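> With the sequence up front, the predicted model follows.
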Amino acid sequence: MSRERILIIEDDDRIGSTLLRALDGSGYDARWETSGRIAIEAARRDRPDLVLLDLGLPDIDGLEVCRRLHRDDPSIEVVMLTARDEELDIVVGLDAGAVDYITKPFKLAELLARIRAQLRRSEARAFSGGELGDLTIDLPARRVWIGGVELALRPKEFDLLARLVTDAGHAVTREALMADVWDEHWFGSTKTLDFHVAALRRKIDTPGSESRITTLRGVGYRYVLS
Ligand code: CA
């Protein structure tokens, strides 16, 4: 698998170089630009998977950079880095096409976790559904069938199934499930996850046969590819 490309647009040398080092060290193909104008050109050429965008740039306002990036590629994932934690700026930024924001000063570990969550979500959006054995899922329509019979799933049950089948055949950690299906800032009990998996199994599994969802003790769950 090729490394995910992240474009950093940040005019502060200390923050820019720290981010470049951290992302590079985390296995991403990271690139750093200090000018909005050059970064827009770089994004057109390199089609990054995610953009970290400082709102306070010397040449073009960060919000305008965000709008232009989004005009060039409506599916681009822009995470704003902002010292302005004014609610209005954040709302305007999200309107300009950003998917998330992080206020400065930020902790590197938190930033990396947010980037991971964002990339997972964009991957999930790219998968719109299909057939996995006798299970058919339509993610945009939020519908699921087994053997041609449509199932009635509760919203969280559907989200959980959608998250698992998006990574069918792969382990999905408890942390990833909690972050993606519930909330990235969830600090409560993860028993709710096991409760929902059990409820989902009752609806999608055939009594007496092996579950479609394998428990990976201490790790998470995996949707079984048949
Ligand atoms: Ca700046």
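Arrived safely, thanks for sending.

> Once you drop chain neighbours, what's closest to residue 96?
Distance criterion Cβ to Cβ, 6 or more residues apart in numbering; nearest residue to residue 96, sequence neighbours excluded, is residue 66 at 4.2 Å. Yep, even glycine has a C-beta here, placed from its N, CA and C like the rest.

> Identify the residues contacting that neighbour.
53, 78, 80, 93, 96-98 (Cβ atoms under 8 Å, 6 or more residues apart in numbering).

> How about residue 205?
Neighbours of residue 205 in contact, by Cβ under 8 Å, 6+ apart: 211-213.

> Any figure for the gap between it and residue 30?
42 Å (Cβ to Cβ, to the nearest Å).

> number of nearby residues for residue 108?
13 (other Cβ atoms under 10 Å).

> Surely it touches residue 18?
Yes. Applying Cβ atoms under 8 Å as the test, residue 108 and residue 18 come out as touching, 7.3 Å apart.

> Can you verify residue 144 is assigned to a helix?
No. Per DSSP: H, G, I helix; E, B strand; the rest coil, residue 144 lies outside any helix segment and is strand.

> For it, which residues count as its bridge partners?
Counting by DSSP bridges, residue 144 is bridged to residue 137.

> near the ion, anything from stretch 34-52?
No. Stretch 34-52 is not in contact with the ion by Cβ under 5 Å from the ion; minimum separation 9.0 Å.

> which parts of that stretch are buried?
34-36, 39-40, 42-43, 48-52 (16 or more other Cβ atoms under 10 Å).

> Take those residues and keep only those in helices.
Counting by DSSP state H, the part of the buried residues of stretch 34-52 found in helices is 36, 39-40, 42-43.

> Same list (these) but as a markdown table, adding pLDDT.
Shown next, in a markdown table, are these (pLDDT from 0 to 100):
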| residue | pLDDT |
| --- | --- |
| 36 | 96 |
| 39 | 97 |
| 40 | 97 |
| 42 | 96 |
| 43 | 96 |
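
> Let me know the closest of these to the ion.
Nearest to the ion out of these is residue 36 (Cβ to the ion; 10.3 Å).

> Next up, the contacts around the closest one.
For residue 36, the contacting residues are 9, 57, 59-62, 64-65, by Cβ under 8 Å, 6+ apart.
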